[in-house]
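> this is the structure alone, sequence omitted:
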């Protein structure tokens, strides 16, 4: 563990109560009495087919002013439009969201366009709970182990909240709120008038420069990445329904309870469960050596990522079995996994999936693995880590 991150983590343990107060408890599946393995984890309701994006290089400096007007941005492709967190079978988002990505030897750049007829934001304090406003969010897990990942949230005022998660909440993880993306640059441009009811806005754009030096805390893999490397990443938008009260926007409420209506969660690549902290469902970003506008690269699906998904299904089933019985099992029939859980496209077109996996259990621990084409093994353990 790198010294700076180690210091922050130790401090976080000392002030755990304060850190917990900074971030509301995540909306997770219910928890049964007992230890962490008794979380009831819903399986995603969609096939495992994360979206993919090829990020091209920029050979000119990027100014993070929120306008996305540099030639590299103009040449970079847009992502697919965001969809509901549960997947495209759900109603389409009310407003369009899409994004672009670029990179150079210093930064990862993310630009996003959020259509919105009523742009508003209230929070101005760094590291406050930004998703209480409408916001744009970034989640980055460089090595795809579903642990040690970064979260960043930004509202239309350009206020940022960055945090580090050594583990996902479902695996007894606690956010390190005191961790910062040092030298982070945030630019926001509002196409309209912010916090001004009575007119029609067009939306807002956000431009982020995330230094590789800061992201290195989450990366066992190379940071900056090498051309051809793939990182796991997702982009999210939180949108609240509002009404106008006097000269301000207020959240629309449920007449029966008086509480705000649930927020909409729109993502670049859907989760299949109302919980963005399922890193195995995030998209893939492949880093191209080409400068944006000077050629194209194709995304190349990797066999081992499909294997990781197959073991992740076993992880869900083991956790469900533990919640019901109080111990883990190595009986694949009891886990309904006599046949391999094949991934979706484009990984599903790959041939030669190995099955069954090796499974070792104690009453309170399990480890499972599959052989890789290169002669190694992909291993997933009951604490959620895959490597």
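Yes, it's here. Because the structure is predicted, anything quoted here is derived from the model rather than measured.
> just to be sure, residue 320 is in a helix?
Yes: remark: residue 320 belongs to a helix, assigned using DSSP: H, G, I helix; E, B strand; the rest coil.
> pretty sure it contacts residue 40?
Yes: applying CB atoms under 8 Å, one finds residue 320 in contact with residue 40, separated by 6.7 Å. No exception for glycine: its C-beta is placed from N, CA and C like everyone else's.
> where in the stretch 1-150 of the chain is pLDDT low?
1-39 (pLDDT under 70).
> and the strands in it?
Here the stretch 1-150 of the chain has its strands, by DSSP state E, counting those that start in this stretch, at 52-57, 83-84, 97-103, 107-115, 135-141, 149-154.
> could you check the angle strand 97-103 makes with the fifth one?
If I follow you right, that is strand 135-141. Angle of strand 135-141 versus strand 97-103, following axes from the mean of the first three to the mean of the last three CA atoms, to 10 degrees, is 40 degrees.
> now strand 135-141 against strand 107-115, angle please.
150 degrees.
> quick one: closest of the strands of the stretch 1-150 of the chain to residue 260.
Closest approach to residue 260 among those is made by strand 135-141 (14.9 Å; CB to CB).
> pairing partners for that closest one, with directions?
Using DSSP bridges, the strands paired with strand 135-141 are strand 149-154 (antiparallel), strand 230-239 (antiparallel).
> okay, those in TSV with mean neighbour count and distance to residue 281 next?
Listed next are the strands paired with strand 135-141 as TSV, based on neighbours: other CB atoms under 10 Å; distance: least, CB to CB, whole Å:
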stretch	mean neighbour count	distance to residue 281
strand 149-154	24	13
strand 230-239	23	8
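> can you lay out those as CSV showing distance to residue 198?
Shown next, in CSV, are those (distance: least, CB to CB, whole Å):
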stretch, distance to residue 198
strand 149-154, 25
strand 230-239, 20
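> nearest to residue 85, out of those?
Nearest to residue 85, of the strands paired with strand 135-141 and by CB to CB, is strand 230-239 at 7.8 Å.
> surely residue 236 meets residue 134?
No: between residue 236 and residue 134 there is no contact under CB under 8 Å: 11.5 Å.
> for the residue nearest to residue 201 when sequence neighbours are not counted, what are phi and psi?
Among residues not flanking residue 201 along the chain, residue 192 sits closest, at 2.7 Å (CB to CB, 6 or more residues apart in numbering). For residue 192, the backbone dihedrals (degrees, to the nearest 10) come out as phi 150, psi -150.
> that older thread, for residue 357, find the nearest of the strands of the stretch 1-150 of the chain.
Closest of these to residue 357 is strand 135-141, at 22.2 Å (criterion: CB to CB).
> still on that earlier bit, what's the burial count for the residue nearest to residue 201?
16 (other CB atoms under 10 Å).
> got a list of what it touches?
Contact analysis of residue 192 by CB atoms under 8 Å, 6 or more residues apart in numbering lists 119, 199-204.
> how about those in JSON lines, adding neighbour count and secondary structure?
Output for those, formatted as JSON lines (neighbours: other CB atoms under 10 Å; DSSP: H, G, I helix; E, B strand; the rest coil):
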{"residue": "119", "neighbour count": "24", "secondary structure": "coil"}
{"residue": "199", "neighbour count": "9", "secondary structure": "coil"}
{"residue": "200", "neighbour count": "9", "secondary structure": "coil"}
{"residue": "201", "neighbour count": "18", "secondary structure": "coil"}
{"residue": "202", "neighbour count": "14", "secondary structure": "coil"}
{"residue": "203", "neighbour count": "19", "secondary structure": "strand"}
{"residue": "204", "neighbour count": "25", "secondary structure": "strand"}
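> nearest to residue 98, of those?
Nearest to residue 98 among those, with distances taken as CB to CB, is residue 203, at 10.9 Å.
> I'd like to know how far the closest one sits from residue 261.
Separation of residue 203 from residue 261 (CB to CB, to the nearest Å) stands at 21 Å.
> what bridges to residue 211?
Taking DSSP bridges as the rule, residue 211 bridges to residue 107.
> burial of it, as a residue count?
Residue 211: 17 neighbours (other CB under 10 Å).
> for the closest residue to residue 112 other than its chain neighbours, the count of nearby residues, please.
In space, and not counting its chain neighbours, residue 112 is closest to residue 99: 4.2 Å by CB to CB, 6+ apart. Counted with other CB under 10 Å, residues neighbouring residue 99 total 25.
> I figured residue 99 hits residue 110, correct?
Yes: the pair residue 99 and residue 110 qualifies as a contact (CB under 8 Å) at a distance of 6.3 Å.
> what do these two both touch?
With CB under 8 Å, 6+ apart as the test, residue 99 and residue 110 both reach residue 235.
> take the strands of the stretch 1-150 of the chain and write them to TSV, including distance to residue 311.
Formatted as TSV, the strands of the stretch 1-150 of the chain follow (distance: least, CB to CB, whole Å):
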stretch	distance to residue 311
strand 52-57	20
strand 83-84	26
strand 97-103	28
strand 107-115	28
strand 135-141	16
strand 149-154	18
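> I appreciate the help and will end here.
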